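In: Below is the sequence, then the predicted model.
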Amino acid sequence: MRPTFAHESVPTMTPAASLVFTTLLSHGPLTRTEVGRRTKLSPAAVTKAVRPLMELGYLVEGADEEARPAVGRPATLVSVDAGRALFIGVKVTGDEIIAVLADLCCRIRVSRHVALTGREPQAVLPAITALVQELLTEAVGFGVQVRGLGIAISGDVDRADGLVRYSPFLEWRDVPLAELAGTATGLPVTVDNDVRALTVAELWFGAGVGLSDFALVTVGAGIGCGLVVHGRVVSGAHGVAGEIGHLSLDPRGPLCHCGNRGCVEAIAADPAILRAVSAATGRQLTDVAEALDLAHGGDPGARAVYAQAGEAIGKAIASLVNLLGPERVVISGEGLAAYDLFAEGIRDAFAASAFGTASQCDVMTRPLPFEEWARGAAATAIQSFMGSDTYEEQP
């Protein structure tokens, strides 16, 4: 179910108020005139949107002393009061849980890690609960209430219902995670796909700030993609928009865990690379770091596997750019440790497959530690709390 909050905590957010809040979150402090220019709202609409948020202390005004005019008062700036509320963000991987305590501007104040002893919900949920309790204790020192919990998890996640339909790395199916975590922690909970959550943070605070259309492609244990279209993170009618990891490039290629063959993930994700390098070198490798060491050491079989993986990623990005035409594609994820081995394949395949001026899309890399993914989860909790309209929810 959608999370609910105490009536006195936040006003009923109109689309204009949500737009003003997220604009100030990403670009503030701003004058009211600048807010109107960026949002295309009239001065009266800006004032109407700002007033209730200021009354509750989520927005504050202050003089811009550095912009003092030659005559008269300094300009008045509106900004988000970062210390007005706290949020917890949790990123769940196949091996560990990363949790952060973030303020209203989604700045990380405290972070925690814990290794998983098992992947079943009965092991993961108590670990999440324990970390949340630690951070709630930390929050006491800030003197501010924690207003929401965001959980980011890989796979097919129904944010509207808080349901993990399928997480391949955890082998979960139909787990009502928002309900379970809400009961265990007493907090309003937002659950989302981890790449989409990271995309929210990049839209508000990272490489997507100021862009109307961009994509975030993550490489590592899987191949993920978050999409922003017209300034909104898109999940699609079925919640799986952007699944380029399951774009089939070769119907006779390796079998993917989804049941198809030749998927990008079956060629370029870490488990696929580990299997392919083991087969190419005749060695029984147990960790992708070993495969990476072989490739960096010049082993021709290992280097060929990484080159093929780069080609698959480049083709997938070109397909994405041809379909949606984003201004920028950001490549991130733990798989960037091998980017020097991927880079040429990605570049050449993208150039060969991107159609016309689509090849002018800015493709960049951005290493992001897992704390940033947890920060993305906190951003989704802020979205839910403030009624932000930057996310296109499923019908």
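Out: That came in fine, so what should we check first?

In: Next, the buried residues of stretch 295-311.
Out: 295, 299, 301-303, 305-311 (16 or more other C-beta atoms under 10 Å). Placement of C-beta: from N, CA and C, glycine included.

In: quick one: it to chain centroid distance?
Out: 29 Å (C-alpha atoms, centre = their mean, to the nearest Å).

In: Let me know how buried residue 293 is, in neighbour terms.
Out: When neighbours are defined as other C-beta atoms under 10 Å, residue 293 has 13 of them.

In: Return the distance of the one helix or strand it maps to from the chain's centre.
Out: Per DSSP states H and E, residue 293 falls inside helix 288-296. Centroid displacement of helix 288-296 relative to its chain, using C-alpha atoms, centre = their mean, is 28 Å.

In: Helix or strand next in line after it, which one?
Out: helix 300-324.

In: in the stretch 201-350 of the chain, which spans are helices?
Out: In the stretch 201-350 of the chain, helices defined by DSSP state H, counting those that start in this stretch lie at 264-268, 270-281, 288-296, 300-324, 339-353, listed in chain order.

In: So which of those helices is nearest residue 32?
Out: helix 300-324 (33.9 Å; C-beta to C-beta).

In: looking just at contacts, which helices and strands does the closest one meet?
Out: When contacts are defined as 3 or more C-beta pairs under 8 Å, 6 or more residues apart in numbering; DSSP states H and E, helix 300-324 sits against strand 214-219, strand 223-229, helix 264-268, helix 270-281, helix 288-296, strand 328-332, helix 339-353.

In: Just tell me which of those ends up closest to residue 141.
Out: Per C-beta to C-beta, nearest to residue 141 of these: strand 328-332, 32.0 Å.

In: chain center to the closest one, what's the gap?
Out: 12 Å.

In: Point out the other helices and strands that it packs with.
Out: strand 214-219, helix 300-324, strand 362-365.

In: Can you give me the buried ones in stretch 104-114?
Out: Quick answer for stretch 104-114 (16+ other C-beta under 10 Å): 104-106, 109-112.

In: Quick one: these as JSON lines, columns for distance to residue 159, secondary structure and pLDDT too.
Out: Shown next, in JSON lines, are these (distance: C-beta to C-beta, whole Å; DSSP: H, G, I helix; E, B strand; the rest coil; pLDDT from 0 to 100):
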{"residue": "104", "distance to residue 159": "21", "secondary structure": "coil", "pLDDT": "94"}
{"residue": "105", "distance to residue 159": "22", "secondary structure": "coil", "pLDDT": "94"}
{"residue": "106", "distance to residue 159": "18", "secondary structure": "coil", "pLDDT": "94"}
{"residue": "109", "distance to residue 159": "25", "secondary structure": "strand", "pLDDT": "97"}
{"residue": "110", "distance to residue 159": "25", "secondary structure": "strand", "pLDDT": "97"}
{"residue": "111", "distance to residue 159": "24", "secondary structure": "strand", "pLDDT": "96"}
{"residue": "112", "distance to residue 159": "24", "secondary structure": "strand", "pLDDT": "96"}
